[in-house]
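*Asks:* Sequence first, then the predicted structure:
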Amino acid sequence: MPCVPFPCILLLMSTLDPAILYRALRSRDARFDGTFFVGVVTTGIYCRPICSSRRPKPGICRFFRSAAAAESEGFRPCLSCRPESAPGNAPVDRSERLALAAMQSFREQTETVNTGEVAGRLGITPRQLRKIFLRTFGVSPARFVRTERLLLSRQLLLGSSLSVPDVAMASGFGSLRRFNELFRTSFLTTPSEFRKRPARHDPSTIELSLGFRPPCAWNVLFDFLGNRTIAGVEVVAGSAYRRAVRIRKGETIFRGWLSAEPDGKALRLTLSTSLLPVVPIVVARVRHLFDMDCRPDRIADTLGPLGMREPGIRVPGAFDGFETAVRVILGQQVSVQGARTLAGRLVDAHGDPVDTPWTDITRTFPSPERIALMDASALSGLGIFGFRIKAILGVATAVAEGRITLSPCPDPEPQMEVLRSIPGIGEWTVQAIAMRVFSWPDAFPHTDYGIRKALREESPRRILEIAEQWRPWRAYAALALWRSLAEVP
């Protein structure tokens, strides 16, 4: 079977050409995992293209853009390849980025699917959102969210000792009766029957498996995060990332901890049960932190030789957007270690205590509302001076007043303009925040010293000209350039 050119798949995904997609299915190429799903008419089962089962004949295959689209046609998920663990499909153009941002927002809604709220946040009408969502994923937002929640419930039933009512709540279902009904309809079994032989689990934890599209340069992610951890809040120990968690849901604040580490072709995520009511939010943020929905094949094609040094390079995101923005501001014109010291002092003085299994993780990062109420002396007493104080207080106030949202967005320019208007924030800071917080793949801090050194070029204009070849993945090029400095003796 000849190899299927990836660009060919991208061109034909819009029409779901069965002949081309069947070739991709036969290849079992991991690059196509998550880009489409195949339903087998005779069994009523749908699978990922990497499923190890015997390939069905072409005439009994139906192809879908998403798991939700397959389930909307009555297909059930395969118990072998587990479609709930498939990586996401991260698009590039604006309409698809709108759909991706909407998907992230829906994932963080833990009960009612509010299309109007999400559409308003994205600056489009609910009708536009439904149209874009249908074109990208093949189903309506409501159907997509329902499938996501059902697939999450399967993981919780197998990866925790939670009761069925608790699983229903953690998955985002407000009604146990509705959850049981949908589970039975979708999977032809009840939650209790599905969990006939549950594995033994610590009753104080929840364990999940998050899929990603290989390859993944985990060493790049863990080196980057490990060099920038905030004392008391997060730790990188070998290939494990651990942190304290603080999440607001309505008027309630939930605190707990998480641990994440690679496990074959998935990321194993362990949470404290204190985060049970906000599991979907935690999962969405972890996916953002580890850039798990990126497309390494597309990126490698654009970066060329720069991307071949460490295949599967990803841009570390942000679990907490405000925390990361402050961490970036503290890193202005100081060493990485100097910024870590200042961030640790801020947490030690103003963070909230949290119980975790680790003695070196004891606090959560202070909220923007708390910092917005501080005066300059509270920060200067920690060794934070000058423009950094203005910038931190300015960002905290903007977040507290709702003038800026520090989370992934399809068009970050309006948010970046708000940042530029805050005293003490320059273009380097804006681009660095866009890279990590707004998840903007084309962000590029062209004035950065490391990038100038890696390119052996001092002219900002010339650096931007060089970077044109890496669009729209300049953020990944920036990370690859920083990594290249480590290769120099």
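*Replies:* Everything's here; your move. Keep in mind it's a predicted model, so treat the numbers as computed, not measured. Numbers count the residues shown, from 1 in each chain.

*Asks:* List the contacts of the residue nearest the centre of the chain.
*Replies:* Centroid-nearest residue in the chain, with C-alpha atoms, centre = their mean: H288, separated by 1.9 Å. Contacts here follow C-beta atoms under 8 Å, 6 or more residues apart in numbering; on that basis H288 touches 104, 317-319, 408, 439. Where you see a C-beta, it was placed from the backbone N, CA and C, and this is true even at glycine.

*Asks:* my guess is L419 meets V430, correct?
*Replies:* Yes. Here L419 lies in contact with V430, judged by C-beta atoms under 8 Å, at a distance of 4.9 Å.

*Asks:* Of those two, which one has the most company?
*Replies:* Shown here are L419 and V430; by other C-beta atoms under 10 Å, L419 has more neighbours (26 against 22).

*Asks:* which SS state does the more buried one fall under?
*Replies:* With DSSP: H, G, I helix; E, B strand; the rest coil as the basis, L419 sits in helix.

*Asks:* Kindly report the same for the one 3 residues further on.
*Replies:* When the structure is reduced to helix, strand and coil (three-state DSSP), I422 reads as coil.

*Asks:* While we're on it, how confident is the model there?
*Replies:* pLDDT recorded at I422 is 96.

*Asks:* what's near enough to touch the spatially closest residue to it that is not a sequence neighbour?
*Replies:* Sequence neighbours aside, G394 is the residue nearest to I422 in space, at 3.7 Å (criterion: C-beta to C-beta, 6 or more residues apart in numbering). For G394, the contacting residues are 422-425, by C-beta under 8 Å, 6+ apart.

*Asks:* Select from those residues the one having the most neighbours.
*Replies:* I425 (25 neighbours).

*Asks:* So that residue is in contact with L393, correct?
*Replies:* No. I425 is beyond contact range of L393, at 11.4 Å (criterion: C-beta under 8 Å).

*Asks:* Beyond the biggest strand by length in the chain, next helix or strand please.
*Replies:* Secondary structure of the chain read by DSSP state E shows that its longest strand is strand 252-263. Next in sequence after strand 252-263, counting helices and strands by DSSP states H and E, comes strand 266-272.

*Asks:* Against which helices or strands is that next one packed?
*Replies:* Helices and strands touching strand 266-272, by 3 or more C-beta pairs under 8 Å, 6 or more residues apart in numbering; DSSP states H and E, are strand 205-211, strand 252-263, helix 279-289.

*Asks:* what's the closest non-adjacent residue to R327?
*Replies:* A343 (5.5 Å).

*Asks:* Which helix or which strand is home to that neighbour?
*Replies:* Assigned by DSSP H and E, A343 falls in helix 336-350.

*Asks:* tell me which residues of that helix are tucked away?
*Replies:* Neighbour-count burial for helix 336-350, counted by 16 or more other C-beta atoms under 10 Å, picks out 339-347, 350.

*Asks:* so which of these comes closest to L269?
*Replies:* For the buried residues of helix 336-350, the closest approach to L269 (C-beta to C-beta) belongs to V347, at 23.0 Å.

*Asks:* Can you give the domain ranges for the protein?
*Replies:* 19-85, 94-138 (the TED database).

*Asks:* Need those domains in CSV (columns: distance to W218 and mean pLDDT).
*Replies:* Rendered in CSV, the data for the domains of the chain read as follows (distance: least, C-beta to C-beta, whole Å; pLDDT from 0 to 100):
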stretch, distance to W218, mean pLDDT
domain 19-85, 16, 86
domain 94-138, 22, 77
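
*Asks:* List just the one of those that sits closest to R154.
*Replies:* domain 19-85 (5.5 Å).

*Asks:* rewinding a little: make JSON lines out of the helices and strands packed on strand 266-272 and add distance to F133 and mean pLDDT.
*Replies:* Below are the helices and strands packed on strand 266-272 laid out as JSON lines (distance: least, C-beta to C-beta, whole Å; pLDDT from 0 to 100):
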{"stretch": "strand 205-211", "distance to F133": "21", "mean pLDDT": "90"}
{"stretch": "strand 252-263", "distance to F133": "28", "mean pLDDT": "96"}
{"stretch": "helix 279-289", "distance to F133": "16", "mean pLDDT": "92"}
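
*Asks:* Could you dump these into CSV and include distance to S161?
*Replies:* CSV is the format used below for the helices and strands packed on strand 266-272 (distance: least, C-beta to C-beta, whole Å):
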stretch, distance to S161
strand 205-211, 9
strand 252-263, 16
helix 279-289, 14
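
*Asks:* looking at the ones you listed, which is closest to D360?
*Replies:* Here strand 252-263 is closest among those (C-beta to C-beta), at 11.7 Å.

*Asks:* Identify all contacting residues around that closest one.
*Replies:* Strand 252-263 is contacted from outside by 209, 216, 218, 239-248, 267-275, 277-278, 282, 286, 290, 352, 354-358, 361, 364, using C-beta under 8 Å, 6+ apart.

*Asks:* These, buried ones only, as a PyMOL selection?
*Replies:* This is how PyMOL selects the buried members of the contacts of strand 252-263, with burial counted by 16+ other C-beta under 10 Å:
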select buried, resi 209+216+218+241+242+243+244+245+246+247+267+268+269+270+271+272+273+274+275+277+278+282+286+290+352+354+356+361+364
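
*Asks:* Would you agree E71 is in contact with Y46?
*Replies:* Yes. Counting by C-beta under 8 Å, E71 touches Y46, with 7.5 Å between them.

*Asks:* and for these two, which residues touch both?
*Replies:* With C-beta under 8 Å, 6+ apart, E71 and Y46 have common neighbours P77.

*Asks:* Identify the residues contacting the residue nearest to R327.
*Replies:* 230-231, 326-327, 330.

*Asks:* if we go to 10 Å?
*Replies:* 228-233, 323, 326-327, 329-331, 365, 382, 384 (C-beta atoms under 10 Å, 6 or more residues apart in numbering).

*Asks:* Let me know the closest of these to R471.
*Replies:* G331 (25.1 Å).

*Asks:* unless I'm mixing things up, that closest one is touching R340, no?
*Replies:* Yes. Contact criterion C-beta atoms under 10 Å: G331 and R340 qualify, at 8.8 Å.

*Asks:* Residues in contact with both of the two, list them for me.
*Replies:* By C-beta under 10 Å, 6+ apart, the residues touching both G331 and R340 are R228.

*Asks:* so where's the stretch 201-350 of the chain uncertain?
*Replies:* 201 (pLDDT under 70).

*Asks:* circling back to that earlier point, among the contacts of A343, which lie within helices?
*Replies:* 323, 326-327, 329-330 (DSSP state H).

*Asks:* So for A376, which of the helices and strands packed on strand 266-272 sits nearest?
*Replies:* Here strand 252-263 is closest among the helices and strands packed on strand 266-272 (C-beta to C-beta), at 26.5 Å.

*Asks:* Name every strand pairing with the closest one and say which way it goes.
*Replies:* Strand 252-263 has these partner strands in its sheet, going by DSSP bridges: strand 240-249 (antiparallel), strand 266-272 (antiparallel).

*Asks:* Is it possible to get the ones you listed out as JSON lines so that each row also shows distance to Q469?
*Replies:* Output for the strands paired with strand 252-263, formatted as JSON lines (distance: least, C-beta to C-beta, whole Å):
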{"stretch": "strand 240-249", "distance to Q469": "32"}
{"stretch": "strand 266-272", "distance to Q469": "31"}
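
*Asks:* how about the ones you listed, which one is nearest K453?
*Replies:* Closest approach to K453 among the strands paired with strand 252-263 is made by strand 240-249 (27.9 Å; C-beta to C-beta).

*Asks:* now the closest one and helix 336-350, what's the angle there?
*Replies:* 40 degrees (axes from the mean of the first three to the mean of the last three C-alpha atoms, to 10 degrees).

*Asks:* what is the mean pLDDT for stretch 375-392?
*Replies:* The model assigns stretch 375-392 a mean pLDDT of 93.
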